[in-house]
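Enquirer: no FASTA, just this:
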């Protein structure tokens, strides 16, 4: 199956980006942002955050999620904890795949090449994959727009996550890439997205027209990596680009963007 080239170098950059989430908060400590809390609540906040970090380091991500959520009940506008919680959910999503994957296994999950088939076969092959994969990522590629639409309609009827993007070749032909996420992986990835977006929103800035922009490089980088995994390549590039605007000296991120822009 034809897939975009993913080099070891790029994988390393993605791993580094997500690893930053574990250490990002250490620069800011466990403190509430513009909130009045008691000393006992401050102690619980610090304990919960440190425990979440420890559980993340031990790769016990369910416990990490519980600890970060406990911390957020005290300090709900702490962007750094939202980012760390998003990363814990992201790892839960990887662990929840039928064949759990590590961060550096940056593939396409179960791949279904349904190009050059009769009109009914792409959907049939997709159904077969959906039956086999209880939790995880399925990437389907077709060369017919009608087949893409048929698969999208069917998958959405099952309430699974699906995202489609078009890849155009030099000869003008088009491939349609559909990324499907189901089961516990879907739930975890959507929770990760929610937390990253919340972190970005809290730390956002506005321009003269009132438009909001991310001012949190680590969360934007992490959200970009999540989107890349979910098949949202264009959105991933937008997040990585914004992260580089915030941290323009990040040579690794600049090289990563050079691979996909």
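Expert: Noted; the coordinates are in hand. Source: prediction; values computed, not measured.

Enquirer: what about stretch 161-175, distance to the chain center?
Expert: In terms of Cα atoms, centre = their mean, to the nearest Å, the gap separating the centre of stretch 161-175 from the centre of its chain is 21 Å.

Enquirer: What of stretch 160-180?
Expert: Averaged C-alpha coordinates place stretch 160-180 at 19 Å from its chain's average position (Cα atoms, centre = their mean).

Enquirer: And the contacts of the helix or strand where residue 179 lies?
Expert: Secondary structure from DSSP states H and E places residue 179 in strand 174-182. Under the contact criterion Cβ atoms under 8 Å, 6 or more residues apart in numbering, strand 174-182 has outside partners 2, 108, 115, 126, 130, 133-145, 147-148, 151-152, 155, 158, 160-169, 189, 230-232. For every residue, glycine as well, the C-beta is placed using N, CA and C.

Enquirer: So which of these are in strands?
Expert: Assigned to strands by DSSP state E, the following of the contacts of strand 174-182 qualify: 136-142, 161-168.

Enquirer: Report the buried members of the residues you listed.
Expert: 136, 137, 138, 139, 140, 141, 142, 161, 162, 163, 164 (16 or more other Cβ atoms under 10 Å).

Enquirer: What is the nearest of the residues you listed to residue 198?
Expert: Within these, the smallest distance to residue 198 is 18.9 Å, found for residue 161 (Cβ to Cβ).

Enquirer: Show me the beta-bridge partners of the residue nearest to the closest one when sequence neighbours are not counted.
Expert: Taking Cβ to Cβ, 6 or more residues apart in numbering as the measure, residue 161 lies nearest to residue 181, with 4.2 Å between them; neighbours along the chain are not counted. Here residue 181 sits in beta bridges with residue 137, residue 161, going by DSSP bridges.

Enquirer: re earlier: quick check: angle from the strand holding residue 179 to strand 136-142?
Expert: Strand 174-182 runs at 160 degrees relative to strand 136-142, counting by axes from the mean of the first three to the mean of the last three Cα atoms, to 10 degrees.

Enquirer: mind listing what's buried in strand 174-182?
Expert: By neighbour count on 16+ other Cβ under 10 Å, the buried set for strand 174-182 is 175, 176, 177, 178, 179, 180, 181, 182.
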